[in-house]
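> Provided below for reference: sequence and predicted model.
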2 protein chains.
Amino acid sequence: MKTRRSDRLVDMARYMLERPRKLISLSYFAKRYESAKSSISEDLSILKRTFQERGTGLLETVPGAAGGARFVPSMSEAEAKTFIEEIRQLVNDETRVLPGGYVYLSDLLGRPDILRQAGRLIATQYLRDDIDAVMTAATKGVPLAQAVAEQLNVPFVIVRDDAKVTEGPTVSVNYLTGSSKRVEKMELSRRSLRTGSRVLVVDDFMKAGGTIQGMQTLVGEFDGTVVGTAVFAEGRSTTRLLDHFTSLLHVDTNLKNGDPILVTAGNYLEEIYSHKD
Amino acid sequence: MKTRRSDRLVDMARYMLERPRKLISLSYFAKRYESAKSSISEDLSILKRTFQERGTGLLETVPGAAGGARFVPSMSEAEAKTFIEEIRQLVNDETRVLPGGYVYLSDLLGRPDILRQAGRLIATQYLRDDIDAVMTAATKGVPLAQAVAEQLNVPFVIVRDDAKVTEGPTVSVNYLTGSSKRVEKMELSRRSLRTGSRVLVVDDFMKAGGTIQGMQTLVGEFDGTVVGTAVFAEGRSTTRLLDHFTSLLHVDTNLKNGDPILVTAGNYLEEIYSHKD
């Protein structure tokens, strides 16, 4: 039985939201709803308009016989500003400061509402990029990496400093920690990343960037390409090892004026939205 | 300006899908779309019907002045069977067997499509339960815990055997590993879980269940209640330390007939769907 337009709209919205960046063909929808392709095309225009006006992403339509539509999660500059200001206020809290100038973030990186938005924001940066996998370092990078991978609809892989027996054969690299200049080792299961993958590196916190540099080296060991590097928060560092990255927040806990913490927006808005329009 | 029905339907579907289990009031939608509550009520009936027929959850409407609607992710028995059979085939692969009888699962637990479904399936079990947090053990439990937490729309917390400085003050317990009878320690950041929380314990793999028993003890240290325990896969164990849990898969790698691996459905379908109707 032919499905009514109202029902089609609701189901199409759900179907596409649950499969970000995947191209769904007109024929698939036509068959699913036993409706004419021309009706489906009209549905897609309505979806496109509504997503544009109110949504959490864009509906892109691809014309032609092999065409269809895909939902690409993204965030407008205004929404990004609001979100970054919201998390900035949450982090800018002196009770988060731990001995050694570390900052407690685990509660925020365990909240689905924050992760969903952070993932969507970082995915916005790579709207037009082909990405095969998201890479992060265990354990605290995992939630953000998973959130980004979900919005990009690609797998994520977890690099560890102590690969367990359950990881099987691994590839390892040594890297220099930026702060203490120690040489450390990190490993990734051989099986988890295809050779030649295009990889987005994600982490919760970056100081000098040693861990991230290690991950970038590891991508090279898989003959892969680092498409970008994004972190939730960067700390202040006098020995920054890498230049190209985006951060949502900048956290400073070694202030000259004696304040325990100062959180400001990271370089994200400037790096991403200033190039647009 | 009053929003058209078609646009309302698309936006309402998206809005509710992104906020699982959260009650959205009729007044909120009426204001958002500058439309009469009676129109919104009709919209909700359409959404309810479509979600029921095709969806990935139920739309529940709450009548009365304080009423509204919420989207509760869930999975039908038929869909659950299909999904469990799909992952059973993926895991039942002798190249996954590692020395010591361990099984490689990290690739599957890094795939958003599998995690989304596994999370929704486990959330189905706790459709009518109040849950404040999902708990898991670092590192490999994290993806599944996050996936479940997302569907329940509650935070997740990560227990570690080596809490880092970035975790701040922790609460720790000792526990007995079931397989090797060693005494180990696990810790959870004091700040990450509210006293008296109702907790769902989730893990990727359970053998004897020592880690899970440790987590249950830890919930007690926070004066909390363990609402349930769910694992992606259980291994065969002659020294099972706990009775009440659900597993999606049962994995056996110590077979008398010499086969390297045998994966069957876990106790999930039997435990959950047999009680219904």
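Great, that's in hand. Numbers count the residues shown, from 1 in each chain, chains lettered A, B, ... in the order given.

> where does the stretch 1-150 of chain A dip in pLDDT?
A:1 (pLDDT under 70).

> Am I right that A:F232 falls within a strand?
Yes. Remark: A:F232 belongs to a strand, assigned using DSSP: H, G, I helix; E, B strand; the rest coil.

> That one against A:H250, yeah?
No. At 11.0 Å, A:F232 does not count as touching A:H250 under the criterion of CB atoms under 8 Å. Yep, even glycine has a C-beta here, placed from its N, CA and C like the rest.

> who's more crowded, these two?
Neighbours were counted for A:F232 and for A:H250 using other CB atoms under 10 Å in any protein chain shown; A:F232 has more, 28 against 17.

> Walking through the stretch 151-277 of chain A, point out its helices one by one.
A:210-221, A:268-273 (DSSP state H, counting those that start in this stretch).

> Redo these as JSON lines? Include mean pLDDT and distance to chain B.
JSON lines is the format used below for the helices of the stretch 151-277 of chain A (pLDDT from 0 to 100; distance: least, CB to the nearest CB, whole Å):
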{"stretch": "helix A:210-221", "mean pLDDT": "96", "distance to chain B": "12"}
{"stretch": "helix A:268-273", "mean pLDDT": "93", "distance to chain B": "22"}
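
> can you tell me which helix in chain A is longest?
helix A:37-54 (DSSP state H).

> Relative to the whole chain's centre, how far out is it?
27 Å (CA atoms, centre = their mean, to the nearest Å).

> what's the most buried one of the helices of the stretch 151-277 of chain A?
helix A:210-221 (a mean of 22; mean count of other CB atoms under 10 Å in any protein chain shown).

> Which secondary structure elements does it sit against?
strand A:133-137, strand A:156-159, strand A:170-176, strand A:183-189, strand A:198-206, strand A:225-235 (3 or more CB pairs under 8 Å, 6 or more residues apart in numbering or on different chains; DSSP states H and E).

> Run through the neighbouring helices and strands of the fourth one.
Read that as strand A:183-189. strand A:156-159, strand A:170-176, helix A:210-221.

> can I get the helices and strands packed on helix A:210-221 in CSV with distance to B:E184?
What follows is the helices and strands packed on helix A:210-221, written out as CSV (distance: least, CB to CB, whole Å):
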stretch, distance to B:E184
strand A:133-137, 23
strand A:156-159, 21
strand A:170-176, 23
strand A:183-189, 22
strand A:198-206, 25
strand A:225-235, 30
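
> How many neighbouring residues does A:P99 have?
7.

> Helix, strand or coil: sort out it for me.
Following three-state DSSP, A:P99 is assigned to coil.

> my read: it touches B:E167, true?
No. At 11.7 Å, A:P99 does not count as touching B:E167 under the criterion of CB under 8 Å.

> returning to that earlier point: quick check: buried residues in the longest helix of chain A?
A:39-41, A:43-44, A:46-51, A:54 (16 or more other CB atoms under 10 Å in any protein chain shown).

> With respect to B:I84, which of the helices and strands packed on strand A:183-189 lies nearest?
Among the helices and strands packed on strand A:183-189, the nearest to B:I84 by CB to CB is strand A:156-159 (23.0 Å).

> Does that closest one reach chain B?
Yes. Counting by CB under 8 Å from any CB of the partner chain, chain B is contacted by strand A:156-159 at A:156-158.

> Name the member of these with the most neighbours.
Tallying neighbours with other CB under 10 Å puts A:F156 at the head of the residues of strand A:156-159 next to chain B, with 28 neighbours.

> still on that earlier bit, for the helices and strands packed on helix A:210-221, which one sits closest to B:R190?
Smallest distance to B:R190 across the helices and strands packed on helix A:210-221 (CB to CB): 19.3 Å, for strand A:198-206.

> Please work out the angle formed by the directions of the closest one and strand A:133-137.
30 degrees (axes from the mean of the first three to the mean of the last three CA atoms, to 10 degrees).

> Quick one: list the elements packing against strand A:198-206.
Using 3+ CB pairs under 8 Å, 6+ apart, the elements in contact with strand A:198-206 are strand A:133-137, helix A:142-152, helix A:210-221, strand A:225-235.

> quick one, which of these is nearest to B:V173?
Nearest to B:V173, of all the helices and strands packed on strand A:198-206, is helix A:142-152, at 22.7 Å by CB to CB.

> Which parts of the stretch 1-150 of chain A are strands?
Counting by DSSP state E, counting those that start in this stretch, residue ranges of the strands within the stretch 1-150 of chain A are A:24-25, A:57-62, A:68-73, A:133-137.

> So which elements touch the second one?
Spelled out, that is strand A:57-62. helix A:37-54, strand A:68-73.

> okay if I get those as TSV plus distance to chain B?
Formatted as TSV, these follow (distance: least, CB to the nearest CB, whole Å):
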stretch	distance to chain B
helix A:37-54	4
strand A:68-73	10
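
> Could you save the ones you listed as a markdown table and add columns showing distance to A:A208?
Output for the helices and strands packed on strand A:57-62, formatted as a markdown table (distance: least, CB to CB, whole Å):
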| stretch | distance to A:A208 |
| --- | --- |
| helix A:37-54 | 40 |
| strand A:68-73 | 31 |
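
> between these, which one is nearest to B:L59?
Among these, helix A:37-54 sits nearest to B:L59 (CB to CB), with 18.4 Å.

> Which residues does the closest one contact?
A:5, A:8-9, A:12-13, A:16, A:26-27, A:29-30, A:33, A:57-59, A:61, A:69, A:71, B:6-7, B:10-11, B:14 (CB atoms under 8 Å, 6 or more residues apart in numbering or on different chains).

> Ok, stretch A:240-251 next?
Contact with stretch A:240-251 is made by A:84, A:87-88, A:91, A:103, A:118, A:121-122, A:125, A:176, A:178, A:205-206, A:208-210, A:212-213, A:216, A:228-236, A:261-268, A:271-272, as judged by CB under 8 Å, 6+ apart.

> Just the buried residues of those.
Applying 16+ other CB under 10 Å to these flags A:84, A:87-88, A:91, A:103, A:118, A:121-122, A:125, A:178, A:205-206, A:208-210, A:212-213, A:216, A:228-235, A:261, A:263, A:265-266, A:268, A:272 as buried.

> So A:T61 versus chain B, what's the distance?
15 Å (CB to the nearest CB, to the nearest Å).
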